[in-house]
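K.L.:
Structure for this input, please:
(chains A and B)
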Amino acid sequence: MIPLTHFLIVGACLFAIGLYTVMARRNAILVLVGIELMINAAILNLVAFSRYDKTAYGGQAFALFAIVLAAAAVAVALAIILNAYKFYKSVNPEDIRNLKD
Amino acid sequence: MPTTALTYPLLAALSAVLLPFAGFLLSAALGKRAGNGAVATSAILLSLLAACYAFAQIWNQPPIHIQWHWFTIGEQAFHVGVLLDNMAVMMLVLVSLIALPVHIYSAAYMKGDPGIHRYWTYLSLFCFAMLGLVVADNLLLMYICWELVGFASYLLIGFWFTKDAAVQANKKAFIVNRIGDIGFLIGMALTYSHLGTLDTKALIEAPETLPAPWLTVAGLAFFLGAMAKSAQFPLHVWLPDAMEGPTSVSSLIHAATMVAAGVFLLARIFPVFDATVLLVIATIGTVTAFAAAYFALTQYDIKNILAFSTISQLGFMMVGIGIGMYPVALFHLATHAFFKCLLFLCAGAIIHEMQHAKETYGLDMDPQDIRNMGGLRKHMPLTFTAMLIASLALAGFPFTGGYLSKDALIVHTFEWAALQSGAAKLIPYVLVAVSMLTSFYILRLLAKVFFGSLSIRSVKKDIRIHEAPMRMLGPMLFLAGCSLFPLFSVNPLNDSYVWLMQGLTSPVSTLPPLRLLHLAIPVLTTGVTCIVAGVAWQWYVNGKYPLKGGGLFYRLSEHQGYLDALYGAAVVRPVVRLSQLLLWVDHYVVDGMVNGLSALGRSFAAVAAWLDQRLVDGFVRLIGKIAWGLGNVFRRLQNGRLQHYFATLFFIILVILLYHIVVLL
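P.N.:
Presented below is the predicted three-dimensional model:
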């Protein structure tokens, strides 16, 4: 049986990779990918912790909700990126600075 | 009981008093336009006429007393009023009769003085004050006039206020008179507290209302007032200094207005004085008469000699009061007024002409110093005649007014001394000696001024002294006439015919007569006068002056008994020291305290300001700076870059996590 710690380490690595991707990438799509990675790291944790909830499987249920929500979020985010691209002719987050207004 | 009906004599007396006041107001209002003195002179002329009418109506008639309600304090009503009896009307006429020639004389004497309009104003005020004093029926009113007399004399003595000596002299006169005024005030206070009124009549009709010791105190207090006003030893020091005023003013001060006030006051409230006070008065009078005559012997300033002779004669009058014969004192006051006024007017004429010569020939000399004169008999014969008459009157030579009054005084003093015991018996003998001294110093003055040869001719041969102008000679000759006997008595040699004394004599003031003395004393004094005159003639005119001078008695006399030096050391210097000390205290302690407090306040304020600026403002500014700095820091964060936001977010979460880890573990 794989101990919980290993899951958590993998989740943490996954989260760290996602975080780095989000912060370092120059492409909004890849930033989105990084977000997905972080969400999945969280989901992995939920699933891993659900081992301790063998009766209701609350963690797995939450994971399902999170996957659905992530998919919805990706859909919305992609739409935003598309619109932003149309407006700015770029998907580099560095070029889009109007958020500070 | 005082009447309230206005009768003609009363109106005349009132107008005699108020006309000079009107003259004063008018002169003051006209200012420089009143420079010729017409207003003041006509006021005093009308006043004289009114006074003469009042005199003719009231003399030897029942006195007129009128009162009006003045003011009320609590239950006590004060009245203002006029009391016209023989004494008052006599003085009324005397004052205006002396003042009129002085006014006329002044017009010539003061001609060309730049401040002459002030002179007339003050002169009218002076006459008004004196006339008011004479008719007042009330001590308070009298006191007001008394102060006015003092104030007017202050103004007139310091008339040439650019001269430092004159300013010092008027200050001195004023201050010395204040000492006497305190006495008057104390007397008034005692009168009021025991009698409940200030009416002179109430006081003199019932002096025994005052309990015995207080009666003496009140008498002494009133006498202190008279001492200062009438220049009695040792308060006489203001009078020789008062010579700094114009000579015409001196003649008025010395004859009728100022110094007479003290004697008049004593005569007015005579019944107040008990035996002790009377003895004090007689003693002080004798001392004054002697000391002043002694000081007069060696003076060289013509006006100073006359000033001391006035003091001496006032001493005689005081003796007259002291022996209880106030009619004699008043009679002497009257005769003295004429011849003393005349002496001063003559002296003024001489000084005037000497000053004229000084300016004409460009001499460097004191026009008042008798050593510069001599032989003026030939230059100013009319002045000489007038001065001779006045001097003989002063010396008490027969056929003059002075003879009548002075011998009457000495005779009555002998009569009084016969009833006394102890040292008081000496008083008449001292007076005889004083009258010898008097003859001597006045003949010395005459000899030095009018006989011999003109001293200043040794400087310049052709010096000529002119006779005084007619406008000055007129008043002088008029007064010379008044100094002779016919004004006072039909019999030139016997004082019992003097109508003035007969009018004034009251039942309280009679002494058992010693008939023999009435013959012996005049013969004696006249004889002595003649001998002394001979001696003076021999010494000063023939130049056989036997004394070397410079001895102790000579110096004592020349320096007027060193009284001024004594007062300077005993009174003036300590007062000045005290003032300096107080000034120091004021400067360094009182001001120092205030300044210290203010310095303390200022330093507190400085500390508070520092605290306010550095601490309070600093704190506020610090907060502002912190906010600004934080803003500056956080401004950077909001740069619009999405990834930076993420990084920040992550960082914050990391910090929170670390915090939780650190705190919870």
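K.L.:
show me the biggest helix of chain B in terms of residues.
P.N.:
If you go by DSSP state H, chain B has its longest helix at helix B:326-361.
K.L.:
which is the next helix or strand following that helix?
P.N.:
helix B:376-379 (DSSP states H and E).
K.L.:
I'd like the mean pLDDT over that following helix, please.
P.N.:
For helix B:376-379, mean pLDDT rounds to 78.
K.L.:
And the contacts of the very next helix or strand once past it?
P.N.:
As assigned by DSSP H and E, the chain's next helix or strand after helix B:376-379 is helix B:381-395. Helix B:381-395 has contacts (CB atoms under 8 Å, 6 or more residues apart in numbering or on different chains) with B:309, B:313, B:335, B:338-340, B:342-343, B:345-347, B:349-350, B:376-377, B:400-403, B:435, B:438-439, B:442-443, B:445-446, B:449-450, B:467-468, B:473, B:476-477, B:479-480, B:483-484, B:529, B:533. No exception for glycine: its C-beta is placed from N, CA and C like everyone else's.
K.L.:
Return the angle between stretch directions for helix B:381-395 and helix B:326-361.
P.N.:
150 degrees (axes from the mean of the first three to the mean of the last three CA atoms, to 10 degrees).
K.L.:
Could you check the angle the following helix or strand past helix B:381-395 makes with helix B:326-361?
P.N.:
Sequence-wise, the next helix or strand downstream of helix B:381-395 (DSSP H and E) is helix B:401-419. Here helix B:401-419 points in a direction 140 degrees away from that of helix B:326-361 (the same axes, to 10 degrees).
K.L.:
burial of A:A41, as a residue count?
P.N.:
By the criterion of other CB atoms under 10 Å in any protein chain shown, A:A41 has 21 neighbours.
K.L.:
Quick one: name the residues of chain A near chain B.
P.N.:
Residues of chain A that fall close to chain B, judged by CB under 8 Å from any CB of the partner chain: A:19, A:22-25, A:31, A:93-94, A:96-101.
K.L.:
which residues are contacting the host helix or strand of B:Q502?
P.N.:
According to DSSP H and E, B:Q502 maps onto helix B:499-504. The contact list for helix B:499-504, computed with CB under 8 Å, 6+ apart, reads B:59-60, B:86-87, B:90, B:326-328, B:330-331, B:334, B:408, B:488-489, B:495.
K.L.:
Quickly find the element holding the residue lying closest to B:A296 once chain neighbours are set aside.
P.N.:
Leaving aside its chain neighbours, B:A296 sits nearest to B:F308 (3.6 Å; criterion: CB to CB, 6 or more residues apart in numbering or on different chains). Secondary structure from DSSP H and E places B:F308 in helix B:302-322.
K.L.:
tell me how far that helix is from the chain's mean position?
P.N.:
Chain-centre distance of helix B:302-322: 15 Å, with CA atoms, centre = their mean, to the nearest Å.
K.L.:
What of stretch B:62-82?
P.N.:
Distance, centroid of stretch B:62-82 to centroid of chain: 28 Å (CA atoms, centre = their mean).
K.L.:
just to revisit the earlier point, report the buried residues of the longest helix of chain B.
P.N.:
For helix B:326-361, burial by neighbour count (16 or more other CB atoms under 10 Å in any protein chain shown) applies to B:326-354, B:357-358.
K.L.:
Quick check: residues of chain B near chain A?
P.N.:
By CB under 8 Å from any CB, the residues of chain B that approach chain A are B:Q638, B:N639, B:G640, B:R641, B:L642, B:Q643, B:Y645, B:F646, B:A647, B:F650.
K.L.:
Next, the third one: secondary structure please.
P.N.:
Reducing the assignment to helix, strand or coil with DSSP: H, G, I helix; E, B strand; the rest coil, the entry for B:G640 is coil.
K.L.:
Pretty sure it sits against A:D95.
P.N.:
No - look at B:G640 against A:D95 with CB atoms under 8 Å: they stay out of range, at 10.3 Å.
K.L.:
Can you report how many residues lie near the residue in the stretch 551-665 of chain B that chain A sits nearest to?
P.N.:
Distances between the stretch 551-665 of chain B and chain A by CB to the nearest CB are smallest at B:G640, namely 3.3 Å. Close neighbours of B:G640, defined as other CB under 10 Å, add up to 14.
K.L.:
Mind pulling up the pLDDT for it?
P.N.:
Note on B:G640: pLDDT of 78.
K.L.:
What values do phi and psi take at it?
P.N.:
Dihedral pair for B:G640: phi 80, psi 0, per degrees, to the nearest 10.
K.L.:
hmm, back to that, among the contacts of helix B:499-504, find me the one that's closest to chain A.
P.N.:
For the contacts of helix B:499-504, the nearest to chain A is B:M87 (116.6 Å; CB to the nearest CB).
K.L.:
I figured that closest one was touching B:L333, is that so?
P.N.:
No - with contact defined as CB under 8 Å, B:M87 does not reach B:L333; the gap is 10.5 Å.
K.L.:
Need the residues touching each of those two.
P.N.:
In contact with both B:M87 and B:L333: B:F264, using CB under 8 Å, 6+ apart.
K.L.:
any chance you could map the strands in chain B?
P.N.:
Assigned strands in chain B, in chain order: B:64-73, B:76-84 (criterion: DSSP state E).
K.L.:
about what we covered before: please verify my assumption that the residue nearest to B:A296 contacts B:T298.
P.N.:
No - judged on CB under 8 Å, B:F308 makes no contact with B:T298 at a distance of 10.0 Å.
K.L.:
For chain A, which segments count as helices?
P.N.:
Under DSSP H, chain A gives helices at A:4-24, A:28-49, A:58-88.
K.L.:
okay, those in CSV with mean pLDDT next?
P.N.:
Output for the helices of chain A, formatted as CSV (pLDDT from 0 to 100):
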stretch, mean pLDDT
helix A:4-24, 91
helix A:28-49, 91
helix A:58-88, 91
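K.L.:
Of these, flag the one that's most buried.
P.N.:
helix A:28-49 (a mean of 19; mean count of other CB atoms under 10 Å in any protein chain shown).
K.L.:
got the angle for it vs helix A:4-24?
P.N.:
Helix A:28-49 runs at 170 degrees relative to helix A:4-24, counting by the same axes, to 10 degrees.
K.L.:
who does helix A:28-49 touch, helix- and strand-wise?
P.N.:
Packing partners of helix A:28-49 (3 or more CB pairs under 8 Å, 6 or more residues apart in numbering or on different chains; DSSP states H and E): helix A:4-24, helix A:58-88.
K.L.:
Of those, which is nearest B:M243?
P.N.:
For these, the distance to B:M243 is smallest for helix A:4-24, at 117.9 Å, taking CB to CB.
K.L.:
okay, now B:L382: neighbour count?
P.N.:
17.
K.L.:
gap between it and B:C346?
P.N.:
Applying CB to CB, to the nearest Å, the value for B:L382 to B:C346 is 10 Å.
K.L.:
any shared contact partners between those two?
P.N.:
Residues touching both B:L382 and B:C346 (CB under 8 Å, 6+ apart): B:M476.
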